[in-house]
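*Asks:* pasting the structure only:
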């Protein structure tokens, strides 16, 4: 353990504590999630999925989402937002192809369910090859604190997609961390450099915005 102040300074390491963790007694996996579905009309690169909550003898803590047999996302219990969603939006899925999706449930002991029903989704082909313009005037703050940042930027302009279809990739120290759609974003602690890029429905990515530096602290 280390202590951390608002300027990004860490203390020396504390003494080492050794703990023996008890062996879990829950060996029963949850039931498979039911009725995996989408209500979308055909999209270019976005798939909205939803499913029914499965039964478990203790409690489900996460859902694993698979595309074409590969784990691509996870809905997990989060200390900031207690609960686990039974829906997800997958963006930037390869256009012009039919993809298969399944979902598995996982409990607190790590037991994983069988897969849900297999859902096939056919996406429209992409004809747009021009990227959006770069986002402008990126600014940000550490509101609401506790590891979160809040960003503001001028919108990317695209030749085909309206503002509501443009996603924004968040880069932290040059590494893609996720997508920003106006909500508080959970960044890494300490001081980091951020920039964003606009992405249209066809997967075309803009040039980067200006960069900003933010201190994301432990003031919870």
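*Replies:* Now that the structure is in, tell me what you want to look at. Given the structure is predicted, the values throughout are model-derived calculations rather than measurements.
*Asks:* Parallel or antiparallel, list what pairs with the helix or strand that residue 138 is a member of.
*Replies:* Assessed by DSSP states H and E, residue 138 sits inside strand 136-141. Strand 136-141 pairs in its sheet with strand 148-154 (antiparallel), by DSSP bridges.
*Asks:* Next secondary structure element downstream of the partner strand?
*Replies:* strand 167-172.
*Asks:* tilt between that next one and strand 148-154?
*Replies:* 130 degrees (axes from the mean of the first three to the mean of the last three C-alpha atoms, to 10 degrees).
*Asks:* Report the helix or strand with the lowest average pLDDT across the chain.
*Replies:* strand 185-186 (a mean of 80; mean pLDDT, DSSP states H and E).
*Asks:* Mind giving me the packing neighbours of that one?
*Replies:* strand 148-154 (3 or more C-beta pairs under 8 Å, 6 or more residues apart in numbering; DSSP states H and E). Any C-beta I mention is one placed from the backbone N, CA and C, and that applies to glycine too.
*Asks:* Check which residues of the strand it packs on are buried.
*Replies:* 148-151, 153 (16 or more other C-beta atoms under 10 Å).
*Asks:* and if you look at stretch 185-202?
*Replies:* Applying 16+ other C-beta under 10 Å to stretch 185-202 flags 185, 187, 192, 194-202 as buried.
*Asks:* Between which two of these is the distance greatest?
*Replies:* 192 and 202 (29.7 Å; C-beta to C-beta).
*Asks:* Contacts only, for the residue sitting nearest the centre point of the chain.
*Replies:* Here the mean C-alpha position of the chain is nearest to the C-alpha of residue 178 (C-alpha atoms, centre = their mean), at a distance of 5.7 Å. Applying C-beta atoms under 8 Å, 6 or more residues apart in numbering to residue 178 gives the contacts 169-170, 185.
*Asks:* ok, so of those, who is nearest residue 94?
*Replies:* When the contacts of residue 178 are compared against residue 94 (criterion: C-beta to C-beta), the nearest one is residue 169, at 16.9 Å.
*Asks:* Let me see the confidence value for that closest one.
*Replies:* Residue 169 carries a pLDDT value of 92.
*Asks:* neighbours of it, just the number please.
*Replies:* 19 (other C-beta atoms under 10 Å).
*Asks:* Name the residues linked to it by a beta bridge.
*Replies:* According to DSSP bridges, beta-bridge pairing links residue 169 with residue 179, residue 197.
*Asks:* So it versus residue 160, what's the distance?
*Replies:* Between residue 169 and residue 160 the computed distance is 18 Å (C-beta to C-beta, to the nearest Å).
*Asks:* same deal with residue 94?
*Replies:* From residue 94 to residue 160 the distance is 18 Å (C-beta to C-beta).
*Asks:* Check residue 211 too.
*Replies:* 28 Å.
*Asks:* got it, and residue 106?
*Replies:* 39 Å.
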